[in-house]
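**Student:** only the shape, not the letters, is given here:
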């Protein structure tokens with residue numbers, strides 16, 4: 001019907017596109033104007049399930065290799081195009097590791113990421129160090145702010161440090177004089193993109209692989225969150 005309406009010069013309402021297997025029947029029928037996703041509804045319900053499963057497998061693999069011990073920190077990379085394609089699986093993975101759920105408004109817009117009670121979680125909250133691509137940082141600023149709020153609340157939660165590694169590490173950083181010990185979201189300088197590693201490799205301006213690592217680290221040492229747009233951290 002949308003095709004016929006369009007051919008007749010009528011208005012075809014836009015709908016989110018996607019993959020039937022990944023996103024379900026909500027992407028049908030075809031023949032409509034589409035957009036990638038609504039950033040205020042990320043992660044989607046299906047992405048949350050997939051991200052939680054990925055986080056569970058990461059924890060299981062670590063525990064199998066480390067005598068049942070949970071990792072205290074897991075690095076999660078959040079890329080813009082990947083987030084668009086998966087509807088936010090990387091975000092969901094971070095939420096699952098910390099032990100948080102999505103709270104949505106009646107309209108479906110995500111309003112908050114809520115910490116699960118430890119009794120319900122049944123394991124320690126695993127800390128997350130998130131590396132954001134420039135596209136993710138700029139396209140999903142609302143998600144960045146929600147995640148930052150989550151980490152701030154996790155760091156301040158009145159919970160034993162052996163059951164909350166976010167709080168444990170934030171207290172350690174605070175003791176070392178860190179200005180914002182709950183900062184967990186890092187990217188390139190504001191308005192800039194890329195780690196510059198490929199450029200250094202292409203130009204031959206490096207001698208040891210460690211120098212490439214230093215380049216990446218220096219380019220991704222800028223924290224983002226509420227009231228903060230690329231504060232350099234060391």
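**Tutor:** Everything's here; your move. Since the structure is predicted, the reported quantities are computational estimates derived from the model, not experimental observations.

**Student:** could you find the residue nearest the spatial middle of this protein?
**Tutor:** Geometric centre of the chain, nearest residue: residue 91, 3.3 Å, by CA atoms, centre = their mean.

**Student:** pLDDT score assigned to that one?
**Tutor:** If you check residue 91, the pLDDT there is 97.

**Student:** got the contact list for it?
**Tutor:** Contact partners of residue 91, counting by CB atoms under 8 Å, 6 or more residues apart in numbering, are 42, 43, 47, 51, 78, 83, 143, 147. C-betas here are computed from N, CA, C, even on glycine.

**Student:** measure the second one to residue 82 for me?
**Tutor:** Separation of residue 43 from residue 82 (CB to CB, to the nearest Å): 12 Å.

**Student:** do the same with the first one
**Tutor:** Distance check for residue 42 against residue 82: by CB to CB, it reads 12 Å.

**Student:** these two: who's more crowded?
**Tutor:** The residue with more neighbours, out of residue 42 and residue 82, is residue 42; 24 against 15, by other CB atoms under 10 Å.

**Student:** quick one: contacts for the closest residue to the more buried one other than its chain neighbours?
**Tutor:** With sequence-adjacent residues excluded and distances taken as CB to CB, 6 or more residues apart in numbering, residue 42 is closest to residue 88, at 3.9 Å. Contacts for residue 88 (CB under 8 Å, 6+ apart) come out as 42, 43, 44, 47, 48, 51, 143.

**Student:** which neighbours do residue 43 and residue 82 share?
**Tutor:** residue 89.

**Student:** what about this protein, any weak spots by pLDDT?
**Tutor:** Filtered on pLDDT under 70, the chain yields the residue ranges 17-27, 30-32, 35-36, 196, 234.

**Student:** how about the lengthiest helix in the chain: buried residues?
**Tutor:** Secondary structure of the chain per DSSP state H: the longest helix is helix 45-65. By neighbour count with 16 or more other CB atoms under 10 Å, helix 45-65 contains the buried residues 46, 47, 48, 50, 51, 52, 54, 55, 58, 59.

**Student:** and stretch 151-159, by the same measure?
**Tutor:** Buried residues in stretch 151-159, counted by 16+ other CB under 10 Å: 151, 152, 153, 154, 155, 157, 159.

**Student:** and stretch 120-130, by the same measure?
**Tutor:** Neighbour-count burial for stretch 120-130 [16+ other CB under 10 Å]: 121, 124, 125, 126, 127, 128, 130.
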